[in-house]
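**Q** Kindly generate the corresponding structure for this input.
(one chain, ligands or ions: 1)
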Amino acid sequence: MTSENLTQLRNRIDEINDQLLDLLNERTALVEAIGREKDKQGLKKYDPIREQQIIEKLREKNQGPLTDEMLIHVFKEIFKVSVKLQEEKSHKKGLLVSRKNKLEDTVIDVQGDMIGDGEPTFVFGPCSVESKEQMERVAKNLSEKGLKYIRGGAFKPRTSPYDFQGLGIEGLKMMSEAAKKYGLRVVSEIMDAGDLEAALPYVDVIQIGARNMQNFSLLKALGHINKPVLLKRGLSATIEEFVNAAEYIAMHGNPNVMLCERGIRTYEKATRNTLDISAVPILKRETHLPVFVDITHSTGRKDILLPIAKAALAVGADGIMAEVHPNPMLALSDANQQMSLEEFDLFYKKLRN
Ligand SMILES: C=C(O[C@@H]1C=C(C(=O)O)C=C[C@H]1O)C(=O)O
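**A** Down below sits the predicted model:
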């Protein structure tokens, strides 16, 4: 081959490369448009059936000298970069609650107390609000420890409809009164969007329970209020579903959302639920929201609360939630898993030392 011949052939290759480049760019623009359409329809980017069909059609048409093996290899590479591009473009938009959208941690101001600022937040109190005396005793104990929050359920999502369902707004009033007296902030669950307005004057943080994590009309309603929300992970919710539930609230206008890992359903019976401890650092990494761990519902047993609380803080939890009752054996709900005030004193002392 003369060098003149080589130059000519390479010149022709250069021309074809230019054409290929134009065609690849034209193809890539179409791939991007398809990616946007998939986003709208909620479809997955990778479509192996479509890729297979393309390859089959091309093989039928292939006259060579390109072998089928080369053809498949080249197109698989094209598909790979195309899918990657579609995924990158769609992730760039990201969720409002995603770290990709906001690098700094969200710090939530609850009546002057900052949640998520690096200092752990502790939320303790009985499973259910039962009486004024009960709330008074718990509130006093919490304030003596310098704690800032009290929890208690007034609307109770019970598995059996025959079990105690909570005292409703009257219960919230009792808790709010005790909280005011001892300078505490109130965390309480709301189950129905219809109760929000009546409850708001008595509650500083609205808790959404595991069973309502995907109650989308309730989540949307929470987007329209200006009180912080503590969203618990659903019983069988994946981390992705959990994050999307938080996005519902943020997307509808309320950015003050905290996440709470409370254990997931597995085959294990030694604990009430299986605490997904890895969810804590994953949620911290993938979202900018404060993350709590409910050590009572995840374990359902009092003998391991201390190591579990320490583990939660060690993996980066911003807060811990646990149940405390002046007389657990007489409690109207979850009698076996709530700490007595004496048990709580010891637990808290050991946790803070
Ligand atoms: C462009 C699409 O998305 C992906 C990329 C493909 C391609 O590059 O041709 C084919 C299928 C999908 O894996 C599509 O679904 O059509």
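**Q** Residue 267 versus residue 23, what's the distance?
**A** Look at residue 23 and residue 267: by Cβ to Cβ, to the nearest Å, they are 54 Å apart. C-betas here are computed from N, CA, C, even on glycine.
**Q** count of residues packed around the nearest residue to residue 204 once chain neighbours are set aside?
**A** Excluding the flanking residues, the one nearest residue 204 by Cβ to Cβ, 6 or more residues apart in numbering is residue 185, at 4.1 Å. Neighbour count of residue 185, defined by other Cβ atoms under 10 Å: 21.
**Q** where's residue 185 relative to the ligand, distance?
**A** Separation of residue 185 from the ligand (Cβ to the nearest ligand atom, to the nearest Å) stands at 50 Å.
**Q** That residue is in contact with residue 114, isn't it?
**A** No. Residue 185 is beyond contact range of residue 114, at 11.8 Å (criterion: Cβ atoms under 8 Å).
**Q** Touching both of those two, which residues are there?
**A** By Cβ atoms under 8 Å, 6 or more residues apart in numbering, residue 185 and residue 114 have no common neighbours.
**Q** quick one: residue 187 is in a helix?
**A** No. Read with DSSP: H, G, I helix; E, B strand; the rest coil, residue 187 is strand and lies in no helix.
**Q** count of neighbours near it?
**A** 27.
**Q** again with the one 10 residues further on
**A** Residue neighbour count, defined by other Cβ under 10 Å, stands at 10 for residue 197.
**Q** Now do the contacts for the residue nearest to residue 204.
**A** Going by Cβ under 8 Å, 6+ apart, residue 185 touches 110-111, 113, 148-150, 179, 204-205.
**Q** Next: residue 243.
**A** 95, 97-98, 283, 286-287.
**Q** Just flag the most distant two among those residues.
**A** 95 and 283 (12.4 Å; Cβ to Cβ).
**Q** my read: residue 272 touches residue 265, true?
**A** No. In this structure, residue 272 is not within contact of residue 265 by Cβ under 8 Å, at 9.9 Å.
**Q** Which one of the two is surrounded by more residues?
**A** Neighbour count, other Cβ under 10 Å: between residue 272 and residue 265, residue 272 has more, with 19 against 13.
**Q** Settle it for me: which of residue 23 and residue 267 has more neighbours?
**A** residue 23 (10 against 5).
**Q** In which helix or strand does the more buried one reside?
**A** helix 3-41 (DSSP states H and E).
**Q** Give me the distance between that helix and the centre of its chain.
**A** 42 Å (Cα atoms, centre = their mean, to the nearest Å).
**Q** Identify each buried residue in that helix, please.
**A** 31, 34-35, 38 (16 or more other Cβ atoms under 10 Å).
**Q** now do stretch 103-120
**A** 105-106, 108, 110, 115-116, 120.
**Q** got the contact list for the residue in the stretch 51-200 of the chain that the ligand sits nearest to?
**A** Using Cβ to the nearest ligand atom, the single residue of the stretch 51-200 of the chain nearest to the ligand is residue 82, 3.3 Å away. Contact analysis of residue 82 by Cβ under 8 Å, 6+ apart lists 27-28, 31.
**Q** change it to 10 Å
**A** For residue 82, the contact set (Cβ atoms under 10 Å, 6 or more residues apart in numbering) comprises 24, 27-28, 30-32, 34-35, 45-46, 51.
**Q** my guess is it is in a helix, correct?
**A** Yes. Counting by three-state DSSP, residue 82 is part of a helix.
**Q** Mind listing what's buried along stretch 163-181?
**A** 165-167, 171-176, 178-179.
**Q** Next step: those restricted to helices.
**A** Of the buried residues of stretch 163-181, the ones assigned to helices by DSSP state H are 171-176, 178-179.
**Q** distance between the ends of stretch 259-275?
**A** Taking Cα to Cα, to the nearest Å, the first and last residues of stretch 259-275 lie 14 Å apart.
**Q** oh, I was asking about stretch 101-114
**A** For stretch 101-114, the end-to-end distance is 22 Å (Cα to Cα).
**Q** Tell me which stretches of this protein form strands.
**A** Per DSSP state E, the chain carries strands over the ranges 108-110, 113-115, 121-125, 149-151, 185-189, 205-208, 229-232, 257-261, 291-294, 319-323.
**Q** So what angle separates the directions of the last one and strand 185-189?
**A** In other words, strand 319-323. 70 degrees (axes from the mean of the first three to the mean of the last three Cα atoms, to 10 degrees).
**Q** residues from the chain in reach of the ligand?
**A** 31, 34, 46-47, 50-51, 54, 78-79, 82-83, 86 (Cβ under 6 Å from any ligand atom).
**Q** Domain ranges for this protein, per the record?
**A** Using automatic domain parsing, the domain ranges for the chain come out as 3-93, 108-352.
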